[in-house]
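> fold the following and give me the result.
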Amino acid sequence: MSEESTSNESALQKIGDVILETNRERLEAERLGIDALKRLFPLACQDTGQGRTVRLFLLGLFDSSAWPMEMNRLRGLDMGIQRDVLAVLRMDMSARCDIEARIKTEKDFFHVFCQMEKPASECCAEITECRAR
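Reported below is the predicted structural model:
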């Protein structure tokens with residue numbers, strides 16, 4: 001076997017290793033993110049300061065142009081909630097599906113969250129517009 005052939009095989013092995021490691025990291029981020037989302041969702045439904053911050057964060061993941069997130073708000077969260085927010089963000093960065101597809105509820109929770117933050121007249125048009133994309 002030639003030196004060039006051995007070099008090519010080595011390069012292919014390295015690429016394969018990187019792909020496998022990247023896939024492992026993505027799957028781990030997804031597992032941790034789903035667990036975190038399960039903890040954050042009930043909090044986002046609460047009418048509290050931390051609940052509102054989590055709700056705005058989730059709305060921002062859904063549609064960041066309609067729901068820009070003021071990052072300083074995250075500093076007001078308890079450390080465990082901050083870790084969960086970061087886990088969901090990490091999951092969403094390499095997601096195989098959008099955040100709204102990850103939460104199975106009878107109601108459209110983004111619409112419910114929107115109504116908690118804005119008058120219903122503003123909310124309905126915004127959600128319909130987002131869904132039409």
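
> what stretches of this protein score poorly on pLDDT?
Applying pLDDT under 70 to the chain flags residues 1-2, 4, 95, 103-107, 119-133.

> quickly find the element holding the one residue sitting closest to the centre of it.
Nearest to the centroid of the C-alpha atoms of the chain, with distances taken as CA atoms, centre = their mean, sits residue 92, at 3.4 Å. Per DSSP states H and E, residue 92 falls inside helix 79-93.

> quick check: buried residues in the next helix or strand after that helix?
Scanning forward in sequence from helix 79-93 by DSSP H and E, the next helix or strand is helix 99-102. Buried residues in helix 99-102, counted by 16 or more other CB atoms under 10 Å: 99, 100, 102. To be clear about C-beta, it is placed using only N, CA and C from the backbone, and glycine gets the same treatment.

> and residue 47, which of the three is it?
Three-state call for residue 47 (DSSP: H, G, I helix; E, B strand; the rest coil): coil.

> so how many other residues sit close to it?
8 (other CB atoms under 10 Å).

> contact partners for it?
By CB atoms under 8 Å, 6 or more residues apart in numbering, the contact set of residue 47 is residue 116.

> at 10 Å what do you get?
Counting by CB atoms under 10 Å, 6 or more residues apart in numbering, residue 47 touches 55, 116.

> now do residue 74
53, 54, 56, 57, 81, 82, 85, 86, 89.

> can you pull the contacts of the fourth one?
By CB under 10 Å, 6+ apart, the residues touching residue 57 are 40, 44, 67, 69, 71, 73-74, 77, 81, 84-85, 88-89.

> same thing with residue 54?
Residue 54 sits next to 39-46, 48, 73-74, 77, 81, 84-85, 88, 113 when contact means CB under 10 Å, 6+ apart.

> what's the closest non-adjacent residue to it?
Nearest non-adjacent residue to residue 54, counting by CB to CB, 6 or more residues apart in numbering: residue 44, 4.3 Å away.
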